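Participant: Show me the folded form of this:
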Amino acid sequence: MKKLNYISLLCIASVVCIIVALLSICLGSAKLSLSELWVALMHRTESGFAQNIFWYVRLPRTLGCLLAGAGLAVSGAVIQGVLANQLASPSIIGVNAGAGLAVTICCACGLLTGWVITMASFFGAMFAVLFVVTIARKVSASRTTVILAGVAINSFLNAGSEAIITLIPEVAMMNADFRVGGFSAVSYVRLIPAGIVIIIALIIILSLCNELDVMTLGEETAQGLGLSVKWMRTILLVLSALLAGASVSFAGLLGFVGLIVPHAIRKVTGSESKKLLPLCAICGATFVTLCDLCSRLLFRPYEVPVGIVMS
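Facilitator: Modelled structure (predicted):
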(Lines give C-alpha, C1' and ligand atoms only; values in the text may rest on other atoms or scores of the structure.)
Protein backbone atom coordinates (compact mmCIF):
# COMPACT_ATOMS: atom_id res chain seq x y z
CA MET A 1 0.00 0.00 0.00
CA LYS A 2 2.82 2.37 0.88
CA LYS A 3 4.55 1.58 -2.40
CA LEU A 4 1.37 2.29 -4.33
CA ASN A 5 0.90 5.56 -2.45
CA TYR A 6 4.45 6.63 -3.27
CA ILE A 7 4.07 5.74 -6.95
CA SER A 8 0.80 7.68 -7.06
CA LEU A 9 2.48 10.66 -5.41
CA LEU A 10 5.36 10.48 -7.88
CA CYS A 11 2.94 10.39 -10.82
CA ILE A 12 0.92 13.35 -9.47
CA ALA A 13 4.11 15.35 -8.89
CA SER A 14 5.30 14.56 -12.43
CA VAL A 15 1.98 15.64 -13.97
CA VAL A 16 2.00 18.90 -11.98
CA CYS A 17 5.60 19.52 -13.08
CA ILE A 18 4.66 19.04 -16.75
CA ILE A 19 1.66 21.38 -16.41
CA VAL A 20 3.76 24.08 -14.74
CA ALA A 21 6.43 23.69 -17.45
CA LEU A 22 3.80 24.11 -20.19
CA LEU A 23 2.43 27.21 -18.45
CA SER A 24 5.97 28.58 -18.22
CA ILE A 25 6.40 28.11 -21.96
CA CYS A 26 3.01 29.58 -22.90
CA LEU A 27 2.66 32.50 -20.47
CA GLY A 28 4.65 35.69 -20.16
CA SER A 29 4.75 39.21 -21.56
CA ALA A 30 3.76 37.61 -24.88
CA LYS A 31 1.35 34.65 -24.72
CA LEU A 32 1.71 31.54 -26.85
CA SER A 33 -1.38 29.44 -27.51
CA LEU A 34 -1.16 25.66 -27.71
CA SER A 35 -1.67 25.85 -31.47
CA GLU A 36 1.21 28.32 -31.82
CA LEU A 37 3.32 26.06 -29.64
CA TRP A 38 2.55 23.10 -31.88
CA VAL A 39 3.45 25.09 -35.00
CA ALA A 40 6.73 26.18 -33.39
CA LEU A 41 7.58 22.56 -32.59
CA MET A 42 6.69 21.24 -36.03
CA HIS A 43 8.24 24.07 -38.09
CA ARG A 44 11.44 24.87 -36.27
CA THR A 45 13.31 25.95 -39.41
CA GLU A 46 10.75 28.65 -40.22
CA SER A 47 11.28 32.15 -38.85
CA GLY A 48 8.30 33.64 -37.07
CA PHE A 49 7.23 35.31 -33.84
CA ALA A 50 6.05 32.13 -32.12
CA GLN A 51 9.07 30.12 -33.25
CA ASN A 52 11.56 32.74 -32.03
CA ILE A 53 9.81 33.17 -28.67
CA PHE A 54 9.59 29.42 -28.09
CA TRP A 55 13.05 28.28 -29.19
CA TYR A 56 15.18 31.20 -28.02
CA VAL A 57 13.34 32.58 -24.95
CA ARG A 58 10.80 30.27 -23.33
CA LEU A 59 12.38 26.83 -23.91
CA PRO A 60 15.87 27.61 -22.53
CA ARG A 61 14.33 29.53 -19.64
CA THR A 62 11.96 26.70 -18.69
CA LEU A 63 14.64 24.06 -19.04
CA GLY A 64 16.90 26.22 -16.87
CA CYS A 65 14.23 26.43 -14.16
CA LEU A 66 13.66 22.67 -14.21
CA LEU A 67 17.34 21.77 -14.12
CA ALA A 68 18.27 24.31 -11.44
CA GLY A 69 15.35 23.35 -9.22
CA ALA A 70 16.11 19.64 -9.47
CA GLY A 71 19.84 20.15 -8.97
CA LEU A 72 19.58 22.43 -5.94
CA ALA A 73 16.88 20.36 -4.21
CA VAL A 74 18.77 17.07 -4.59
CA SER A 75 22.04 18.75 -3.63
CA GLY A 76 20.42 20.01 -0.42
CA ALA A 77 18.99 16.58 0.40
CA VAL A 78 22.37 14.90 -0.12
CA ILE A 79 24.29 17.47 1.94
CA GLN A 80 21.76 17.12 4.78
CA GLY A 81 22.15 13.34 4.68
CA VAL A 82 25.94 13.28 4.46
CA LEU A 83 26.48 15.88 7.19
CA ALA A 84 23.60 14.43 9.26
CA ASN A 85 22.29 17.94 9.83
CA GLN A 86 18.92 19.16 8.60
CA LEU A 87 20.07 22.79 8.74
CA ALA A 88 22.60 22.13 5.98
CA SER A 89 21.94 23.37 2.45
CA PRO A 90 24.01 24.68 -0.49
CA SER A 91 23.23 28.31 0.38
CA ILE A 92 23.95 28.02 4.11
CA ILE A 93 27.25 26.10 4.25
CA GLY A 94 28.95 28.18 1.55
CA VAL A 95 28.43 26.06 -1.57
CA ASN A 96 26.53 28.78 -3.43
CA ALA A 97 28.91 31.46 -2.16
CA GLY A 98 31.92 29.47 -3.39
CA ALA A 99 30.35 29.10 -6.81
CA GLY A 100 29.44 32.80 -6.76
CA LEU A 101 33.01 33.85 -5.99
CA ALA A 102 34.30 31.68 -8.83
CA VAL A 103 31.83 33.21 -11.30
CA THR A 104 32.73 36.71 -10.09
CA ILE A 105 36.41 35.98 -10.74
CA CYS A 106 35.50 34.70 -14.22
CA CYS A 107 33.59 37.92 -14.92
CA ALA A 108 36.56 39.99 -13.73
CA CYS A 109 38.86 38.05 -16.08
CA GLY A 110 36.43 38.20 -19.01
CA LEU A 111 35.99 34.40 -19.10
CA LEU A 112 32.29 34.09 -19.88
CA THR A 113 32.00 30.94 -22.02
CA GLY A 114 29.60 28.20 -20.99
CA TRP A 115 32.03 25.45 -20.00
CA VAL A 116 34.39 27.86 -18.21
CA ILE A 117 31.55 29.29 -16.07
CA THR A 118 30.19 25.81 -15.33
CA MET A 119 33.53 24.33 -14.28
CA ALA A 120 34.51 27.42 -12.30
CA SER A 121 31.20 27.23 -10.41
CA PHE A 122 31.82 23.57 -9.63
CA PHE A 123 35.36 24.13 -8.34
CA GLY A 124 34.20 27.10 -6.26
CA ALA A 125 31.39 25.03 -4.75
CA MET A 126 33.72 22.07 -4.22
CA PHE A 127 36.28 24.27 -2.46
CA ALA A 128 33.64 25.48 -0.01
CA VAL A 129 32.36 21.94 0.72
CA LEU A 130 35.81 20.44 1.25
CA PHE A 131 36.87 23.39 3.39
CA VAL A 132 33.90 22.87 5.73
CA VAL A 133 34.43 19.10 5.90
CA THR A 134 38.18 19.46 6.49
CA ILE A 135 37.65 21.89 9.36
CA ALA A 136 35.08 19.58 10.91
CA ARG A 137 37.38 16.57 10.59
CA LYS A 138 40.49 18.31 11.96
CA VAL A 139 38.80 19.65 15.09
CA SER A 140 36.33 16.75 15.52
CA ALA A 141 33.53 19.30 15.35
CA SER A 142 29.96 18.60 16.32
CA ARG A 143 27.16 18.78 13.77
CA THR A 144 26.21 22.27 14.95
CA THR A 145 29.82 23.44 14.67
CA VAL A 146 29.93 22.20 11.07
CA ILE A 147 26.99 24.46 10.22
CA LEU A 148 28.58 27.40 12.05
CA ALA A 149 31.81 26.83 10.12
CA GLY A 150 29.80 26.79 6.89
CA VAL A 151 28.08 30.06 7.79
CA ALA A 152 31.48 31.65 8.54
CA ILE A 153 32.95 30.43 5.25
CA ASN A 154 29.81 31.63 3.46
CA SER A 155 30.38 35.15 4.83
CA PHE A 156 34.10 35.00 3.97
CA LEU A 157 33.43 33.98 0.34
CA ASN A 158 30.70 36.59 -0.07
CA ALA A 159 33.14 39.20 1.22
CA GLY A 160 35.62 38.09 -1.44
CA SER A 161 32.99 38.62 -4.15
CA GLU A 162 32.15 42.06 -2.77
CA ALA A 163 35.83 43.01 -2.71
CA ILE A 164 36.25 42.12 -6.40
CA ILE A 165 33.14 44.09 -7.32
CA THR A 166 34.41 47.08 -5.35
CA LEU A 167 37.83 46.98 -7.03
CA ILE A 168 36.43 46.30 -10.52
CA PRO A 169 33.09 48.16 -10.78
CA GLU A 170 32.39 46.80 -14.28
CA VAL A 171 31.92 43.34 -12.77
CA ALA A 172 28.90 44.61 -10.84
CA MET A 173 27.03 45.19 -14.11
CA MET A 174 27.74 41.65 -15.34
CA ASN A 175 27.19 40.12 -11.91
CA ALA A 176 24.02 41.91 -10.74
CA ASP A 177 21.49 39.39 -12.07
CA PHE A 178 23.67 36.51 -10.92
CA ARG A 179 23.74 37.70 -7.30
CA VAL A 180 19.95 38.06 -7.11
CA GLY A 181 19.20 34.91 -9.07
CA GLY A 182 17.08 34.70 -12.18
CA PHE A 183 16.55 33.11 -15.57
CA SER A 184 15.93 36.10 -17.82
CA ALA A 185 19.37 35.82 -19.43
CA VAL A 186 19.60 32.02 -19.72
CA SER A 187 21.05 30.93 -23.06
CA TYR A 188 21.90 27.59 -24.59
CA VAL A 189 25.62 28.45 -24.42
CA ARG A 190 25.54 28.37 -20.61
CA LEU A 191 22.61 25.98 -20.17
CA ILE A 192 23.83 22.99 -22.21
CA PRO A 193 27.18 22.43 -20.40
CA ALA A 194 25.56 22.90 -16.99
CA GLY A 195 22.59 20.71 -17.97
CA ILE A 196 24.88 17.85 -19.00
CA VAL A 197 26.70 18.05 -15.65
CA ILE A 198 23.43 18.17 -13.67
CA ILE A 199 21.87 15.19 -15.47
CA ILE A 200 25.00 13.03 -15.10
CA ALA A 201 25.36 13.96 -11.40
CA LEU A 202 21.67 13.20 -10.75
CA ILE A 203 21.96 9.77 -12.37
CA ILE A 204 25.05 8.88 -10.32
CA ILE A 205 23.50 10.12 -7.06
CA LEU A 206 20.30 8.15 -7.66
CA SER A 207 22.43 5.03 -8.17
CA LEU A 208 24.06 5.64 -4.74
CA CYS A 209 20.83 5.82 -2.72
CA ASN A 210 21.62 2.68 -0.73
CA GLU A 211 25.07 3.99 0.24
CA LEU A 212 23.56 7.31 1.32
CA ASP A 213 21.03 5.49 3.52
CA VAL A 214 23.81 3.44 5.13
CA MET A 215 25.76 6.64 5.89
CA THR A 216 22.79 8.12 7.72
CA LEU A 217 22.98 5.22 10.21
CA GLY A 218 26.18 6.67 11.64
CA GLU A 219 29.86 6.33 10.83
CA GLU A 220 30.56 3.30 13.03
CA THR A 221 27.52 1.38 11.80
CA ALA A 222 28.33 2.19 8.17
CA GLN A 223 31.91 0.97 8.58
CA GLY A 224 30.63 -2.17 10.28
CA LEU A 225 28.48 -2.86 7.21
CA GLY A 226 31.58 -2.62 5.00
CA LEU A 227 31.12 0.91 3.63
CA SER A 228 34.17 3.11 3.19
CA VAL A 229 32.66 6.17 4.85
CA LYS A 230 35.49 8.58 4.05
CA TRP A 231 35.47 7.87 0.34
CA MET A 232 31.69 7.71 0.03
CA ARG A 233 31.29 11.00 1.91
CA THR A 234 33.77 12.64 -0.45
CA ILE A 235 32.07 11.22 -3.54
CA LEU A 236 28.61 12.36 -2.43
CA LEU A 237 29.85 15.83 -1.49
CA VAL A 238 31.61 16.16 -4.86
CA LEU A 239 28.39 15.20 -6.63
CA SER A 240 26.31 17.62 -4.54
CA ALA A 241 28.83 20.37 -5.29
CA LEU A 242 28.55 19.52 -8.99
CA LEU A 243 24.77 19.87 -8.81
CA ALA A 244 24.83 23.14 -6.88
CA GLY A 245 27.73 24.65 -8.82
CA ALA A 246 26.27 23.80 -12.23
CA SER A 247 22.84 25.13 -11.19
CA VAL A 248 24.27 28.36 -9.81
CA SER A 249 26.37 28.89 -12.97
CA PHE A 250 23.30 29.92 -15.00
CA ALA A 251 20.58 30.50 -12.36
CA GLY A 252 22.50 32.74 -9.97
CA LEU A 253 22.60 32.56 -6.20
CA LEU A 254 19.22 30.99 -5.52
CA GLY A 255 18.75 30.07 -1.89
CA PHE A 256 15.86 28.43 -0.06
CA VAL A 257 15.32 25.56 -2.54
CA GLY A 258 18.04 23.30 -1.22
CA LEU A 259 16.93 23.82 2.38
CA ILE A 260 13.13 23.77 2.30
CA VAL A 261 12.23 21.33 -0.49
CA PRO A 262 14.02 18.30 1.07
CA HIS A 263 12.33 19.04 4.41
CA ALA A 264 8.89 19.25 2.82
CA ILE A 265 9.37 16.01 0.86
CA ARG A 266 10.85 14.21 3.89
CA LYS A 267 7.59 14.87 5.76
CA VAL A 268 5.75 12.88 3.09
CA THR A 269 8.17 10.12 2.08
CA GLY A 270 10.43 9.73 5.11
CA SER A 271 14.22 9.66 4.87
CA GLU A 272 14.65 6.69 2.52
CA SER A 273 16.82 8.09 -0.26
CA LYS A 274 15.36 6.10 -3.17
CA LYS A 275 12.00 7.74 -2.41
CA LEU A 276 13.25 11.09 -1.18
CA LEU A 277 15.66 12.07 -3.96
CA PRO A 278 13.45 11.47 -7.06
CA LEU A 279 10.59 13.41 -5.48
CA CYS A 280 12.98 16.17 -4.40
CA ALA A 281 14.15 16.50 -8.02
CA ILE A 282 10.60 16.73 -9.40
CA CYS A 283 9.23 19.05 -6.70
CA GLY A 284 12.33 21.25 -6.73
CA ALA A 285 11.98 21.66 -10.50
CA THR A 286 8.27 22.45 -10.14
CA PHE A 287 8.84 24.94 -7.32
CA VAL A 288 11.52 26.96 -9.13
CA THR A 289 9.56 26.97 -12.41
CA LEU A 290 6.42 28.15 -10.60
CA CYS A 291 8.34 30.93 -8.84
CA ASP A 292 9.84 32.03 -12.17
CA LEU A 293 6.38 32.05 -13.74
CA CYS A 294 5.09 34.24 -10.90
CA SER A 295 8.04 36.59 -11.32
CA ARG A 296 6.99 37.16 -14.94
CA LEU A 297 3.25 37.49 -14.37
CA LEU A 298 2.85 39.43 -11.10
CA PHE A 299 3.88 42.82 -12.53
CA ARG A 300 3.60 42.14 -16.24
CA PRO A 301 5.09 43.52 -18.51
CA TYR A 302 7.76 44.20 -15.86
CA GLU A 303 9.65 41.30 -14.36
CA VAL A 304 10.78 40.74 -10.78
CA PRO A 305 13.95 38.63 -10.31
CA VAL A 306 12.93 35.12 -9.31
CA GLY A 307 15.29 35.18 -6.34
CA ILE A 308 13.16 37.92 -4.76
CA VAL A 309 9.90 36.04 -5.37
CA MET A 310 11.38 32.83 -4.01
CA SER A 311 12.63 34.50 -0.85
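Participant: Near residue 151, how many other residues are there?
Facilitator: Neighbour count for residue 151, taken as other C-beta atoms under 10 Å: 15. Yep, even glycine has a C-beta here, placed from its N, CA and C like the rest.
Participant: Nearest residue to it in space, ignoring adjacent ones along the chain?
Facilitator: residue 92 (6.5 Å; C-beta to C-beta, 6 or more residues apart in numbering).
Participant: For the one you found, give me the pLDDT.
Facilitator: Looking at residue 92, its pLDDT reads 80.
Participant: Same question for residue 4.
Facilitator: pLDDT, residue 4: 55.
Participant: swap in residue 160?
Facilitator: 90.
Participant: now it, nearest residue through space, not along the chain?
Facilitator: Here the residue nearest residue 160, using C-beta to C-beta, 6+ apart, is residue 101, at 5.0 Å.
Participant: And for residue 17?
Facilitator: Nearest one to residue 17, counting by C-beta to C-beta, 6+ apart, is residue 286 at 4.4 Å.
Participant: go on, residue 218?
Facilitator: Leaving aside its sequence neighbours, residue 218 sits nearest to residue 84 (C-beta to C-beta, 6+ apart; 8.0 Å).
Participant: Now do the SS call for the one you found.
Facilitator: Under the three-state scheme (DSSP: H, G, I helix; E, B strand; the rest coil), residue 84 adopts coil.
Participant: For residue 91, see how far away it is.
Facilitator: When distance is defined by C-beta to C-beta, to the nearest Å, residue 84 is 19 Å away from residue 91.
Participant: neighbour-wise, which of the two wins?
Facilitator: residue 91 (22 against 14).
Participant: The residue nearest to residue 17 sits in which helix or strand?
Facilitator: Per DSSP states H and E, residue 286 falls inside helix 273-297.
Participant: and that helix, average pLDDT?
Facilitator: So the average pLDDT for helix 273-297 ends up being 94.
Participant: ok, residue 251 touching residue 64?
Facilitator: Yes: Residue 251 lies in contact with residue 64 (C-beta atoms under 8 Å); the separation is 6.3 Å.
Participant: so where's this structure shaky on pLDDT?
Facilitator: Applying pLDDT under 70 to the chain flags residues 1-4, 44-47, 114, 136, 139-144, 173-177.
Participant: What lies in contact with stretch 64-74?
Facilitator: Residues from elsewhere that reach stretch 64-74 (C-beta atoms under 8 Å, 6 or more residues apart in numbering): 17, 21, 24, 90, 183, 186, 191, 194-195, 198-199, 201-202, 205, 240, 243-244, 246-247, 250-251, 254, 257-258, 261-262, 277, 280-289, 292.
Participant: Return the set of buried residues in that stretch.
Facilitator: Residues of stretch 64-74 classed as buried: 64, 65, 66, 67, 68, 69, 70, 71, 72, 73, 74 (neighbour count, 16 or more other C-beta atoms under 10 Å).
Participant: Just put those in CSV and tack on secondary structure and distance to residue 214.
Facilitator: Listed next are those as CSV, based on DSSP: H, G, I helix; E, B strand; the rest coil; distance: C-beta to C-beta, whole Å:
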residue, secondary structure, distance to residue 214
64, helix, 34
65, helix, 33
66, helix, 30
67, helix, 28
68, helix, 29
69, helix, 27
70, helix, 24
71, helix, 24
72, helix, 24
73, helix, 22
74, helix, 18
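Participant: Dump those residues into CSV; add distance to residue 147 as well.
Facilitator: Converted to CSV, the buried residues of stretch 64-74 look like this (distance: C-beta to C-beta, whole Å):
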residue, distance to residue 147
64, 29
65, 28
66, 29
67, 27
68, 24
69, 23
70, 24
71, 21
72, 18
73, 19
74, 20
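Participant: helix or strand for residue 250, which one?
Facilitator: Counting by DSSP H and E, residue 250 is part of helix 229-251.
Participant: Tell me which residues of that helix come out buried.
Facilitator: Buried residues in helix 229-251 (16+ other C-beta under 10 Å): 229, 232-233, 235-251.
Participant: Quick one: list the elements packing against that helix.
Facilitator: In terms of contacts (3 or more C-beta pairs under 8 Å, 6 or more residues apart in numbering; DSSP states H and E), helix 229-251 is packed against helix 59-82, helix 95-109, helix 114-138, helix 188-207, helix 209-215, helix 219-224.
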